[in-house]
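Asks: Sharing a model that was predicted from the sequence below.
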Amino acid sequence: MARATGIENIEKDLTGNLERDLNILVKGILSDLSSKSKSISPIDTGFFMSSWTASTQRPRPDQKREDFTPWSTIRATGTGNQRNSNSVVEPRFMDSIPNFKTFSKVYIGNRTEYAARALASNESDIPQYVQGKLRNLIQKTFTDKKPKLAVGTFGSGVKYPSRNVRNLQGFGLFGGKDDKFVDYINP
C-alpha cells in the first residue's frame with residue numbers, strides 16, 4: 001500500500017520544484033540566446049552568440065574574440081549579419097552552469113568584450129526577447145501543473161482501442177496539439 005506524503009514535506013517539495021523550474025528557465029534562456037535558428041543574438045562570427053553564461057555574480061565582458069579559436073580565424077564584418085556563412089556557434093559555458101538555489105540572484109550575461117556594442121546593434125533582438133518572449137518562457141516553466149507522461153511502443157501486444165489503452169493529445173511543454181500518444185492505464 002502506498003504511503004501518503006505528509007503535509008510536513010510541503011515546504012521541501014515546493015522549494016525543490018522552484019529550484020528545478022529556475023534551473024530549467026536559466027538553461028532555456030541561454031539556449032534561446034545561443035540559438036542560431038532563433039536569431040535573437042547578433043551573429044557576425046558567432047563568438048557573441050557562443051559566449052552567453054549565467055552566474056550568481058555579474059559576468060564580466062573580458063574575453064576577446066581574437067583569443068579563441070575558431071573565432072579568431074573568422075573575418076568579422078562588424079555588421080552582425082545573421083546570414084554570415086562563416087560564423088560558428090558553439091556555446092562555451094553551457095556545461096559549466098551551476099545549479100542555482102531558490103531565491104538566488106541569477107545574472108545572465110555575455111563574456112565578450114564588445115557585448116555592449118552587440119546588444120545595441122540593429123541586428124540584436126535581445127531587448128525584444130526580454131520584453132516579450134521571455135515572459136512566455138517564464139509562464140511555461142513556472143507552473144504547478146505537472147505534465148502527464150505517456151509511453152507507447154509499436155508491437156507491444158496491446159490491442160488498440162481497448163479499455164486499458166487511451167489516446168492522448170500531446171503532453172507537457174513539448175507536446176503539440178496534433179501529436180498522438182498512447183497511455184496504458186490500470187484496469
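Replies: Arrived safely, thanks for sending.
Asks: alpha carbons only for contacts and neighbour counts from here, please
Replies: Will do.
Asks: Low-confidence ranges, this protein, go.
Replies: The model of the chain has pLDDT under 70 over residues 1-6, 79-83, 144-187.
Asks: Tell me which stretches of it form helices.
Replies: Here the chain has its helices, by DSSP state H, at 10-33, 115-120, 126-128, 134-141.
Asks: Surely Thr53 is in contact with Thr112?
Replies: No: the criterion here is CA atoms under 8 Å, and Thr53 misses it with Thr112 at 10.6 Å.
Asks: what's near enough to touch Ser50?
Replies: By CA atoms under 8 Å, 6 or more residues apart in numbering, the contact list for Ser50 reads Ser34, Val89, Glu90, Pro91, Arg92.
Asks: Tally up the residues packed near the third one, please.
Replies: Looking back up the chat, that one is Glu90. Using other CA atoms under 10 Å, Glu90 is surrounded by 16 other residues.
Asks: Could you check how far the most centrally placed residue in the chain is from Asp125?
Replies: Centroid check for the chain by CA atoms, centre = their mean gives Gly28 as the closest residue, at 1.4 Å. From Gly28 over to Asp125 the distance is 16 Å, taken as CA to CA, to the nearest Å.
Asks: go on, Asp67?
Replies: From Asp67 across to Asp125, the span is 26 Å (CA to CA).
Asks: before we move on, the earlier item: possible to save the helices of the chain as JSON lines with distance to Ile40?
Replies: Listed next are the helices of the chain as JSON lines, based on distance: least, CA to CA, whole Å:
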{"stretch": "helix 10-33", "distance to Ile40": "6"}
{"stretch": "helix 115-120", "distance to Ile40": "10"}
{"stretch": "helix 126-128", "distance to Ile40": "6"}
{"stretch": "helix 134-141", "distance to Ile40": "12"}
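Asks: and of those helices, who's closest to Phe103?
Replies: Across the helices of the chain, Phe103 has its closest neighbour in helix 10-33 (8.4 Å, CA to CA).
Asks: Next, the angle helix 134-141 makes with the closest one.
Replies: With axes from the mean of the first three to the mean of the last three CA atoms, to 10 degrees applied, the angle from helix 10-33 to helix 134-141 works out at 140 degrees.
Asks: re earlier: buried members of the contacts of Ser50 into PyMOL, please.
Replies: The command below creates a PyMOL selection of those among the contacts of Ser50 that count as buried (16 or more other CA atoms under 10 Å):
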select buried, resi 34+89+90+91
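Asks: Distance to Leu22 added to the contacts of Ser50, as CSV?
Replies: Converted to CSV, the contacts of Ser50 look like this (distance: CA to CA, whole Å):
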residue, distance to Leu22
Ser34, 18
Val89, 25
Glu90, 23
Pro91, 20
Arg92, 21
